[in-house]
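1. Sharing a model that was predicted from the sequence below.
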Amino acid sequence: MSIFDFFKSQLIEVIEWTDQSTNKMVYRFPVQGNEIKMGASLIVRESQAAVFVNEGEIADVFGPGHHVLYTQNMPVLTKLKSWKTGFNSPFKAEVYFVNTKQFIDQKWGTSNPIMMRDPDFGMIRLRGYGVYSYRVADPAVFMKELFGTNSSFDTSNIDSHLKKMIMSGLTDLFAESQVAALDLAMFYDELSSQGLEKMRDRFAQFGFEITSLYIENLSLPKEVEQAMDKRTTMGVLGDMNQYTQWQAAEALRDAAKNEGGGMAGAGVGLGAGAAIGNAMANAFTTSQQTTASQAEEKMACPHCQANIRTSAKFCPECGQSVQQKKVPCIHCKAEITEGSKFCGECGTKQITEKKCTACSAVNNPTAKFCGECGAGLDV
């Protein structure tokens, strides 16, 4: 190689970066010691930004497009180098390509349970996980705050810190929401949106923009979930007496299918049969007692004949009072039901009113003289 070819190889004429990875955020170009030729082409693709750094100071930032490097379109770097217009010698500067695309499907999750106060279960421990996405919105801030002097930078370098920021914000959000644990599934979208807004300022400190945040799952401890499953099962089963009868019948069927031989097997079978029989007898007895008890607690409404509880004060069908009023007998003063025609104790006919034969005035059934004319009243 001639001296001319050597110097020519040190002059970079095309500056570009084609990224083959999915998580690289920054790439430094060119190799240290090379010089950029004045008039070189800078190709910045969509979702990229080119940052020129001179002696540790950010000089220029170029967006997507084709740029020809002259002093006219590099005013900051030209001022730093003290170049004059038309100076065509090569110059040295570090060029960093910053990937501004969205980095999606970034995972977040609780490393330790979140302690919460729940109205149904009291103190609970909540776990959760989900995904988020972000991108570099301000390359200059990102270079100053995070990148430093590295030759490259990818999402793994900042992933742990971003997860901790998200969990800190979401923990505070969940506690402030005061949503019951059983209702959390209804508020995944709302909590995700609130968490996204809560994270914007925190990500902006590093030149990032968080573009999405989703809650995939919020779960309770295993012990609480098992207790909830048992409670749900009891609600599905309904009448426990009927369930006991069904279990006894199933056990009897399984025992009948057992073909175990020998006297020991027969003894076990007899014992199991006796136990099952007792269980079934108890279940049927309990069911009959319950049915009889329920039947005794019912009565017919005296107005519409609807089947109602004996303790009811009003009929749920017709709405009238079912508590019969007691009144004294007009002769022996024994308590009888209001409206009765005869006394159950002395047999006296219960007259509801007395009509005066002289003036036709209506009097109380116990009156002996007419209140209008004073004539005597016959029973």
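-> Cool, got the structure. Residues are numbered from 1 along each chain as shown.
2. residues touching Ile210, list them.
-> Listed by C-beta atoms under 8 Å, 6 or more residues apart in numbering, the contact set of Ile210 reads 132-134, 196, 199-200, 203. (C-beta placed from N, C-alpha, C; glycine too.)
3. Surely it forms part of a helix?
-> No. Counting by DSSP: H, G, I helix; E, B strand; the rest coil, Ile210 is not part of a helix but strand.
4. partner residues bridging it?
-> Assessed by DSSP bridges, Ile210 has beta-bridge partners Tyr134.
5. Quick one: the helices in this protein, in order.
-> 3-9, 75-81, 139-142, 159-177, 188-204, 222-237, 240-257, 262-296 (DSSP state H).
6. The ones you listed: lowest mean pLDDT?
-> Ranked by mean pLDDT, the helices of the chain bottom out at helix 3-9, with a mean of 42.
7. Can you point out the buried residues in stretch 112-124?
-> 114, 116, 118, 121, 124 (16 or more other C-beta atoms under 10 Å).
8. Let me know the closest of those to Ala334.
-> Phe121 (59.7 Å; C-beta to C-beta).
9. what's stretch 173-180 in contact with?
-> 114, 116, 118-120, 126, 128, 187, 191, 194-195, 198, 218.
10. any idea which of the buried residues of stretch 112-124 is the one closest to His67?
-> Using C-beta to C-beta, the buried residues of stretch 112-124 come closest to His67 at Ile114, 49.3 Å.
11. Gly109 pairs with what?
-> Residues in beta-bridge contact with Gly109 (DSSP bridges): Tyr129.
12. What of the one 5 residues further on?
-> On DSSP bridges, the residues paired with Ile114 through beta bridges are Leu126.
13. For it, give me its contacts.
-> By C-beta under 8 Å, 6+ apart, the neighbours of Ile114 are 125-128, 171, 174-175.
14. From Asp105, how far off is Ser193?
-> 19 Å (C-beta to C-beta, to the nearest Å).
15. Please identify which of the two sits among more neighbours.
-> Ser193 (12 against 9; other C-beta atoms under 10 Å).
16. any idea how the protein splits into domains?
-> 3-99, 103-224 (automatic domain parsing).
17. Could you work out the end-to-end span of the last one for me?
-> Domain 103-224 stretches 36 Å from its first residue to its last (C-alpha to C-alpha, to the nearest Å).
18. Can you tell me how far His331 is from Pro365?
-> 10 Å.
19. and Leu182, what does it touch?
-> Counted by C-beta under 8 Å, 6+ apart, Leu182 has contacts Asp120.
20. Compare neighbour counts for His331 and Pro365 and give me the winner.
-> His331 (15 against 12).
21. The more buried one reaches Cys343, doesn't it?
-> Yes. In this structure, His331 is within contact of Cys343 by C-beta atoms under 8 Å, at 6.5 Å.
22. from the contacts of Ile114, which two are the most distant?
-> That would be Arg127 and Ala175, which, of the contacts of Ile114, are the farthest apart (C-beta to C-beta) at 14.5 Å.
23. Could you pull out the buried residues of stretch 198-214?
-> Buried, per 16+ other C-beta under 10 Å, within stretch 198-214: 198-199, 203, 206-208, 210, 213-214.
24. Please identify which of these is nearest to Thr232.
-> Among those, and counting by C-beta to C-beta, the member closest to Thr232 is Tyr214, at 27.4 Å.
25. got the contact list for that closest one?
-> Here Tyr214 is in contact with 130-132, 188, 192 (criterion: C-beta under 8 Å, 6+ apart).
26. and it, what are its bridge partners?
-> In this structure, Tyr214 bridges to Val131 when assessed by DSSP bridges.
27. how close does it sit to Thr110?
-> Using C-beta to C-beta, we find Tyr214 at a distance of 15 Å from Thr110.
28. on that earlier part again, I'd like the domains of the chain written out as a markdown table, with distance to Lys298 added.
-> Shown next, in a markdown table, are the domains of the chain (distance: least, C-beta to C-beta, whole Å):
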| stretch | distance to Lys298 |
| --- | --- |
| domain 3-99 | 73 |
| domain 103-224 | 36 |
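29. Ile308: which of these is closest?
-> Closest approach to Ile308 among these (C-beta to C-beta): domain 103-224, 35.1 Å.
30. wouldn't Asn363 be in contact with Gly374 here?
-> No. Between Asn363 and Gly374 there is no contact under C-beta under 8 Å: 11.2 Å.
31. what two of the contacts of Ile210 are the furthest from one another?
-> For the contacts of Ile210, the farthest-apart pair by C-beta to C-beta is Ser133 and Arg200; their separation is 13.2 Å.
32. can you pull the contacts of Glu317?
-> Glu317 neighbours (C-beta under 8 Å, 6+ apart): 301, 304, 306, 308.
33. The last one against Gly319, yeah?
-> In this case it means Ile308. No. With contact defined as C-beta under 8 Å, Ile308 does not reach Gly319; the gap is 11.4 Å.
34. Give me the pLDDT value at Gly65.
-> Reported pLDDT for Gly65: 92.
35. And for the nearest residue to it once chain neighbours are set aside, the neighbour number?
-> Nearest non-adjacent residue to Gly65, counting by C-beta to C-beta, 6 or more residues apart in numbering: Val44, 6.0 Å away. Residues lying near Val44 (other C-beta under 10 Å) number 20.
36. what's near enough to touch Val44?
-> Going by C-beta under 8 Å, 6+ apart, Val44 touches 16, 50, 62-67, 97.
37. Okay then, goodbye and thanks.
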